[in-house]
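1. Here's a sequence, model it:
(2 chains)
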Amino acid sequence: MPAQSGMIINIGAVLATLRKFFAFEMTIAEWIGTAILAVIPYLVIGVIWSLTHTDHLDGMTGIDRTVSFLGSIVSWPVLLFSDVCMA
Amino acid sequence: MSETRISATRQTARWDPDADVSVADAMDFWSFAAAAANVVMQLALPGVGYGVVESKVDSGSILKHPWKRLRTTSQYLAVAVFGTEADRAAFREAVDGVHRQVISTAESPVKYNGFDRELQMWVAACLFVGLEDTYKLLRGEMTAEQAEQFYRSSWTLGTTLQVTEDQWPATRIEFDTYWDDACKRVVIDPPVRDYLLDLINLRMINPVLGLPFRPLLKFLTVGFLAPVFRNALGVKWSKGRQRRFEWLFLLVAFVNRFLPVFVRQGGSFIVLADVRRRVRAHSALV
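-> Now for the predicted structure:
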């Protein structure tokens, strides 16, 4: 069937891969470990982002300032796109 | 037994006492901590020792091409444990090509031959012992049935080359007899000892890279050697070091439980994928 040029996706193979992916088993310990492994780079980026974006902290003092800073470490992906009012 | 196998008084408890086990579970990357010790064990049999030390196949020498040797050896293990029959056949053909050149000369102190099935059985037995030791340190003691299952699953460590299934002692208990008996032939002559000490002292890699790891590698290597090999090599071990070794692996075992399999064994699957790529591209495997 030469009419079907370009990329031909073998749907059977894709489904087989998907089934294998969804049937993959991990222990709860492994899930916890995976979460820790994922959260480390996330927080490192968050700290770097927060340290370089400190404008919104200017008017704040004390606990507000701390919470706002910690909040920006955690929520850096959202803050990339929009300013969220954190006062 | 206590002379020919390492033992630990502190060992992690099993988290899954009734689980099915397989040698594949022993392939977590931490197991490579025992790699140098395994080389010592393999070369402690004079036929293997002189065969390697006198080998003219420079491209496969761990002292001359350490990174290549690391790749090919890890690929052998990955193929033997995770590979298909086709992977094993391709790797066998490649290894046969170099083993053919490994044959003693009139000047060799002992007679050897890369295709000697007895020598290959010894090497396979060393690999099994190394993986069983690391498995127990990482996952805990096995029941008799689990030990049998684990043992039976590791036969491809030898049958990937010229070792036949009936060469493996039929049961795990019989393997102990074979091992104790074979260990009586352990001798490390000066040329082999020099070779092994160069390896443990990481003389084959850039000192900037090697020096910081030297004390750790030495500690791990001697820790993974049973007394018979320590004595043959002439290295010392102590109660204090044994205690640190056991605590270290209790910690490693704990951390390891939290690592998903693609972190623990991902390396083996990457080098296995490289084997398959090389087979498709008809490029050299070893």
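
2. neighbours of residue 12, just the number please.
-> Answering for chain A, as no chain was given. 8 (other C-beta atoms under 10 Å in any protein chain shown). The way it works is simple: take the backbone N, C-alpha and C, and place the C-beta from them, glycine included.

3. that's the other chain; I wanted chain B
-> 21.

4. Compute the distance between it and chain A, please.
-> 13 Å (C-beta to the nearest C-beta, to the nearest Å).

5. and the residue lying closest to that residue once chain neighbours are set aside, what is it in contact with?
-> Nearest residue to B:Thr12, sequence neighbours excluded (C-beta to C-beta, 6 or more residues apart in numbering or on different chains): B:Ala253, at 3.9 Å. Contact analysis of B:Ala253 by C-beta atoms under 8 Å, 6 or more residues apart in numbering or on different chains lists B:12, B:137-140.

6. Next SSE downstream of the one helix or strand B:Ala253 maps to?
-> Per DSSP states H and E, B:Ala253 falls inside helix B:239-257. Where DSSP H and E defines the elements, the next helix or strand beyond helix B:239-257 is helix B:261-264.

7. Could you tell me which residues of chain A lie near chain B?
-> Within chain A, the positions near chain B by C-beta under 8 Å from any C-beta of the partner chain are A:26-27, A:29-34, A:36-37.

8. and whichever residue of chain A sits closest to chain B, how many neighbours does it have?
-> Here the residue of chain A nearest chain B is A:Gly33; by C-beta to the nearest C-beta that distance is 3.0 Å. Per other C-beta under 10 Å, the neighbour tally for A:Gly33 reads 20.

9. sorry, back to before: the residues of chain A next to chain B in helices, which ones?
-> Among those, the subset assigned to helices under DSSP state H consists of A:29-34, A:36-37.

10. If any of those residues are buried, put those into a PyMOL selection.
-> In PyMOL, this line selects whichever of these come out buried by 16 or more other C-beta atoms under 10 Å in any protein chain shown:
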select buried, chain A and resi 30+33+34
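
11. Quick check: pLDDT value at the closest residue to B:Lys56 other than its chain neighbours.
-> Nearest non-adjacent residue to B:Lys56, counting by C-beta to C-beta, 6+ apart: B:Gln101, 6.1 Å away. pLDDT, B:Gln101: 95.

12. just to revisit the earlier point, could you dump the ones in helices among the residues of chain A next to chain B into a markdown table and include pLDDT and distance to B:Ala36?
-> Formatted as a markdown table, these follow (pLDDT from 0 to 100; distance: C-beta to C-beta, whole Å):
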| residue | pLDDT | distance to B:Ala36 |
| --- | --- | --- |
| A:Ala29 | 97 | 29 |
| A:Glu30 | 97 | 29 |
| A:Trp31 | 97 | 34 |
| A:Ile32 | 97 | 32 |
| A:Gly33 | 97 | 27 |
| A:Thr34 | 97 | 30 |
| A:Ile36 | 97 | 30 |
| A:Leu37 | 96 | 28 |
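
13. quick one: which of the ones in helices among the residues of chain A next to chain B is nearest B:Leu131?
-> Taking C-beta to C-beta as the measure, B:Leu131 lies nearest A:Glu30 of these, at 20.9 Å.

14. Double-check the closest one against B:Phe262; I have them as touching.
-> No: A:Glu30 is beyond contact range of B:Phe262, at 9.6 Å (criterion: C-beta atoms under 8 Å).
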